[in-house]
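1. Structure for the following, please:
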Amino acid sequence: MRAQREDRRRNRQGVPQLRRTGGVACALLATLTLAACGRPVKEEECRTLIERYSELLLKEEEPGANPERVARVQTEARTLAEKDPTFELSTCTKKVSRASYECAMRASNVDAIERCLVF
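-> Have a look, this model is predicted:
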């Protein structure tokens, strides 16, 4: 245990002031973060996510796939997602958070996208 100061004053008197300033900064940062994360994902972004996923999946399965093949697979995936009720494209905007979407769009492989969307 620390010895008490000789002048009997509290240790670290500057800390409370820093906490107030830090608290304001943290509150501001939290507000900005929530505002960015709170913006809902748009339906077009859900389609873009499907295209990204299908592109990365194809590149893993067929590393030499040409751009025409990638575009064709993306179109097929988008069409299937729009028609297949089990995919639930209509609820994507409610189920996928902004943070998950942005994480998935930065992902470099299918496993990373899935981690972003599941966890």
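
2. thought Ala77 was touching Thr48?
-> No: Ala77 sits out of contact with Thr48 when judged by CB atoms under 8 Å, with a separation of 11.5 Å. The way it works is simple: take the backbone N, C-alpha and C, and place the C-beta from them, glycine included.

3. Which residues are in contact with Val41?
-> Applying CB atoms under 8 Å, 6 or more residues apart in numbering, one finds that Val41 lies in contact with 92-93, 96-98, 101.

4. which of the residues you listed count as buried?
-> 92, 96-97, 101 (16 or more other CB atoms under 10 Å).

5. okay, those residues in CSV with distance to Glu60, secondary structure and pLDDT next?
-> As requested, the buried ones among the contacts of Val41 are exported to CSV (distance: CB to CB, whole Å; DSSP: H, G, I helix; E, B strand; the rest coil; pLDDT from 0 to 100):
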residue, distance to Glu60, secondary structure, pLDDT
Cys92, 23, helix, 89
Val96, 22, coil, 93
Ser97, 25, coil, 95
Tyr101, 21, helix, 96
